[in-house]
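>>> Predicted model follows, preceded by the sequence.
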Amino acid sequence: MDQSKGRTGERFQWETGNLALTWLQLHLRPGMHTLETGCGQSTLACLQAGCIHEAITPSADEIASIQRVADQRGLDLSLVRFHHGFSQDILPHLKGHEDLDVAIIDGSHGFPLPGVDWLYMAPRLKVGGKMLIDDVDLWTGKILLDVLRRELGWRVNKVLHGRTAIVTKLAPFVARDWRQQPTVVARSWLPQVWRKFTASVQMLVDPMEVTAANDRS
């Protein structure tokens, strides 16, 4: 969401045409429960709307910048709780803040962290709640989006600017086996068929070698 990284002297600005921020401004309401990995303009949008918000970031500078700008705008900082650390360390131990209305994934985009954020945030999101997944133009975000497009219990509503996906949770969260995940099955059947085929051919050509290899493994 083009979130500011809080560098010295950097000013937070609402970016014209940023549809993700516009979406937040239109849909957030006072008293909503919101959670995000990363922080920046979306944090300010949640505060501006009067949400009860939590933000996770490893950057103390980001936190200080948000606090400074929020104070300048007269926003109620008592509504936000910052967690200084990495989301993969914070989320498994985060207490309270269940039944989220909106969850925002915009922390680290290195593999497999967007998926890790989703795994821990999805159970907290209420049925009917919205999840924003930023930077789905990156491969790690695209993987998550591709899975959710066909995952039971989720609906991809739209992708804003080809970058930020808006997703609705339709049913209670279940961590499914890969055999119950249509995207994983669709992308795995051909490699599996090929592996079994080549193993069968190898068995016909040299059954003793295949048996020995299995024994060594």
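Received, thanks. Residues are numbered from 1 along each chain as shown.
>>> from here on, contacts and neighbour counts on C-alpha atoms
OK.
>>> Now do the lengthiest helix in the chain: which elements does it pack against?
In the chain, assigned by DSSP state H, the helix with the most residues is helix 182-205. On a contact count with 3 or more C-alpha pairs under 8 Å, 6 or more residues apart in numbering; DSSP states H and E, helix 182-205 meets helix 139-150, helix 207-216.
>>> so what strands line up beside the helix or strand following the first one?
Right, helix 139-150. Heading C-terminal from helix 139-150, the first helix or strand you meet, by DSSP states H and E, is strand 154-160. If you go by DSSP bridges, strand 154-160 pairs up with strand 164-169 (antiparallel).
>>> and the angle for the strand it pairs with with helix 139-150?
Orientation check (axes from the mean of the first three to the mean of the last three C-alpha atoms, to 10 degrees): strand 164-169 against helix 139-150 gives 40 degrees.
>>> average pLDDT for strand 164-169?
Per-residue pLDDT values over strand 164-169 give a mean of 97.
>>> one step back: which of the helices and strands packed on helix 182-205 comes out lowest on mean pLDDT?
Among these, helix 207-216 carries the lowest mean pLDDT, at a mean of 60.
>>> biggest strand in the protein, by residue count?
The residue-count maximum for a strand in the chain (DSSP state E) belongs to strand 125-133.
>>> What's the local residue count around residue 147?
15 (other C-alpha atoms under 10 Å).
>>> In contact with it, which residues are there?
The contact partners of residue 147, taken as C-alpha atoms under 8 Å, 6 or more residues apart in numbering, are 181-184.
>>> still on that earlier bit, tell me what the longest strand of the chain is packed against?
By 3+ C-alpha pairs under 8 Å, 6+ apart, strand 125-133 packs against strand 100-105, strand 164-169.
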